[in-house]
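Chemist: sequence plus predicted model, see below.
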Amino acid sequence: DTLGYVYLKKNIPTLAVAPMLKAVEKDPNNATYHYRLGQAYLLSGNKAKAKASLEMALKLKADFPEAGEARTLLTQAQ
């Protein structure tokens, strides 16, 4: 997650996808990991995968810290 997050912060979302996928695989119930994966997908141009990841994040925990941002990104992924 940390490496993926750094790539997101450096605005290199395509490189963030692989580490975020690993984070989700290791902890599939972590809403923040799904959110960051969705963010990486969206910024990389893959709206379908972004939508799925962001929806999963909100399904897992509707009130996780980045939930408001996830909802905003979800509208962009439509």
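Modeler: Perfect, thanks for sending it.

Chemist: can we go C-alpha only for contacts and neighbour counts from here?
Modeler: Will do.

Chemist: would you mark the buried spots in stretch 37-51?
Modeler: Residues Leu37, Gly38, Gln39, Ala40, Tyr41, Leu42, Leu43, Ser44, Lys47, Lys49, Ala50, Lys51 are the ones in stretch 37-51 that count as buried (16 or more other CA atoms under 10 Å).

Chemist: which of these lies closest to Glu66?
Modeler: Distance to Glu66 across these (CA to CA) is lowest for Gln39, with 11.0 Å.

Chemist: quick one, what contacts the nearest residue to that closest one once chain neighbours are set aside?
Modeler: Nearest residue to Gln39 in three dimensions, chain neighbours excluded: Ala50, at 6.5 Å (CA to CA, 6 or more residues apart in numbering). Residues near Ala50 by CA atoms under 8 Å, 6 or more residues apart in numbering: Leu37, Gly38, Gln39, Ala40, Tyr41, Leu42, Leu74, Ala77.

Chemist: cool, and Leu60?
Modeler: Counting by CA under 8 Å, 6+ apart, Leu60 touches Asn29, Asn30, Ala31.

Chemist: how about Leu54?
Modeler: Leu54 neighbours (CA under 8 Å, 6+ apart): His34, Tyr35, Leu37, Gly38, Gln39, Ala70, Arg71, Leu73, Leu74.

Chemist: farthest pair within those?
Modeler: Farthest pair in the contacts of Leu54 (CA to CA) is Leu37 and Arg71. Separation: 14.0 Å.

Chemist: any idea how far the host helix or strand of Leu54 is from the chain center?
Modeler: Using DSSP states H and E, the element containing Leu54 is helix 47-60. Taking CA atoms, centre = their mean, to the nearest Å, one finds the center of helix 47-60 at 7 Å from the center of the full chain.

Chemist: what sits up against the helix or strand following that helix?
Modeler: Downstream of helix 47-60, the next assigned helix or strand under DSSP H and E is helix 67-76. With CA under 8 Å, 6+ apart as the test, helix 67-76 has contacts from Tyr35, Gln39, Leu42, Ala50, Lys51, Leu54, Glu55, Ala57, Leu58.
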